[in-house]
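> model this:
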Amino acid sequence: MYTRIKNLKIGNDGFLYYNNLKINHLKKKIDTFLLEKESLNDIDFVKQILFLKETQDFKEEKIIEQIKDSKDKSEAEKTRLINIIRGYKYIESNQKITKNTLKTLYKILSANLLDDYSKENMGKYYRNREVFILNSSFIECDYDKGIPADKVEEYMESCLNYINQKEELSPIDEFIKSQIIHFYLIYVHPYYDINGRTGRTLATWYLLNQNANPYVIFNRAITYSRDDYKKAIRKSRKKGNLTYFLDYILTSTLKELKKEYLINCIDKAKKLGIDDKQVLQSYLSLNDIPTVDNLASFYNDYDSHKSNEKVITKLIKPMIEKRIFQITTNYRGQETLSINKKLIKRNEN
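This next block holds a predicted model:
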């Protein structure tokens, strides 16, 4: 009933494990959905998902200049985005994941973001001192800790051995493995900061190396449910039971794949621009009544922080005019938005 991940220690005498029945059920749902979905299985899909709203291609310096010129982002946010773009460019090379290449990735992701304490107390590869993990959504809870500093080297060596272990795995099982790697780096917490971002990028790197293209979307799923992500990590780290974390990842990833498939269907009919896709993504992620105002507010929560009025005028109204969105009236008498289903049915695989 349970699978134990040999050699990935948790605590003093245990190993990571998960419930086979639960996880296999979720794996089957994703596999069934992806069957014959050609648009979700190629490298163009990877480019579309990995590179953010600012990008259409892998021209790194052009993307970075666009971010630097942005007037809607703080300097810290610009730095974070630039580091991510450079990090994605680095892992795109498909080189082997080793202690040295992981160190290079971490330097890229953490550039100009670390405080003096973090920089002064880093060893050659990992932290030298204890680290407390801030759970901002769980103020009532005690802090978690990364593993003791004198154990980090040993645990990370086990992680790297696991990454490079030769196995014949299906794409969905490669995805499961990538998320075990993702979780384990966060559990070990080998750095003082940027551990979550490094764990997610490391998992993406592994997926790229295995050509498991559709699953890179897992990272976007976290954007829309960050509190649930933190809860899943915290539950799984208590006893090393990965079921909570893998359940969250698989469920949220399937949701994002379904959203992306709908967007691709509409794109075939209407040739969507970047902004159109972002608005559709926001619409499909909205948990509130889909009014024009609610959609504009939600878009601003995750995107460029334009005024709601600008989002409505420049982004939403043109999609109504192009008949991507339709205006309907709900039972409360509110005017709401719905997607033109004819566009989807006409362009399904």
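> Just give the closest residue to residue 299, not the sequence neighbours.
Leaving out its chain neighbours, the residue that sits closest to residue 299 by CB to CB, 6 or more residues apart in numbering is residue 282, at 4.4 Å. Any C-beta I mention is one placed from the backbone N, CA and C, and that applies to glycine too.
> where does the protein have low pLDDT?
Low-confidence segments of the chain (pLDDT under 70): 12, 51-63, 66, 68-72, 134-143, 304-305, 346-349.
> residues near residue 204, how many?
By the criterion of other CB atoms under 10 Å, residue 204 has 24 neighbours.
> Would you confirm that the residue nearest to residue 299 contacts residue 295?
Yes: checked against CB atoms under 8 Å, the pair residue 282 and residue 295 is within contact range at 6.2 Å.
> For this structure, just list every one of the strands.
2-10, 14-19, 132-133, 144-145, 325-329, 335-339 (DSSP state E).
> any chance of the ones you listed in JSON lines, plus distance to residue 286 and mean neighbour count?
Output for the strands of the chain, formatted as JSON lines (distance: least, CB to CB, whole Å; neighbours: other CB atoms under 10 Å):
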{"stretch": "strand 2-10", "distance to residue 286": "36", "mean neighbour count": "17"}
{"stretch": "strand 14-19", "distance to residue 286": "31", "mean neighbour count": "18"}
{"stretch": "strand 132-133", "distance to residue 286": "31", "mean neighbour count": "14"}
{"stretch": "strand 144-145", "distance to residue 286": "32", "mean neighbour count": "14"}
{"stretch": "strand 325-329", "distance to residue 286": "12", "mean neighbour count": "13"}
{"stretch": "strand 335-339", "distance to residue 286": "9", "mean neighbour count": "16"}
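> among the ones you listed, which is nearest residue 186?
Nearest to residue 186, of all the strands of the chain, is strand 132-133, at 8.4 Å by CB to CB.
> Give me the helices and strands touching that closest one, please.
With contacts taken as 3 or more CB pairs under 8 Å, 6 or more residues apart in numbering; DSSP states H and E, strand 132-133 sits against strand 144-145.
> got a list of contacts for the strand it packs on?
130-133, 135, 189, 234, 237 (CB atoms under 8 Å, 6 or more residues apart in numbering).
> Sheet partners, orientation included, of it?
Strand 144-145 pairs in its sheet with strand 132-133 (antiparallel), by DSSP bridges.
> what distance separates the partner strand from the centre of its chain?
On the basis of CA atoms, centre = their mean, to the nearest Å, strand 132-133 sits 22 Å off its chain's mean C-alpha point.
> Contacts for it next, please.
Against strand 132-133 from outside (CB under 8 Å, 6+ apart): 143-146, 189.
> Look at residue 173 and say how many residues are nearby.
By other CB under 10 Å, 14 other residues sit near residue 173.
> hmm, I was thinking of residue 105
19.
> still on that earlier bit, and the residue nearest to residue 299, how many neighbours?
By the measure other CB under 10 Å, the count of residues near residue 282 is 23.
> Count the residues that sit near residue 219.
20.
> do the same with residue 35
Residue 35, neighbours per other CB under 10 Å, totals 8.
> Could you export the contacts of strand 132-133 to TSV, including columns for distance to residue 325?
TSV is the format used below for these (distance: CB to CB, whole Å):
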residue	distance to residue 325
143	45
144	43
145	48
146	46
189	44
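> give me the beta-bridge partners of residue 19?
Going by DSSP bridges, residue 19 is paired in beta bridges with residue 2.
> got the contact list for residue 308?
By CB under 8 Å, 6+ apart, the contact set of residue 308 is 293, 296-297, 300.
> if we can go back for a sec, and which of the contacts of strand 132-133 is nearest residue 248?
When those are ranked by distance to residue 248 (CB to CB), residue 144 comes first, at 17.0 Å.
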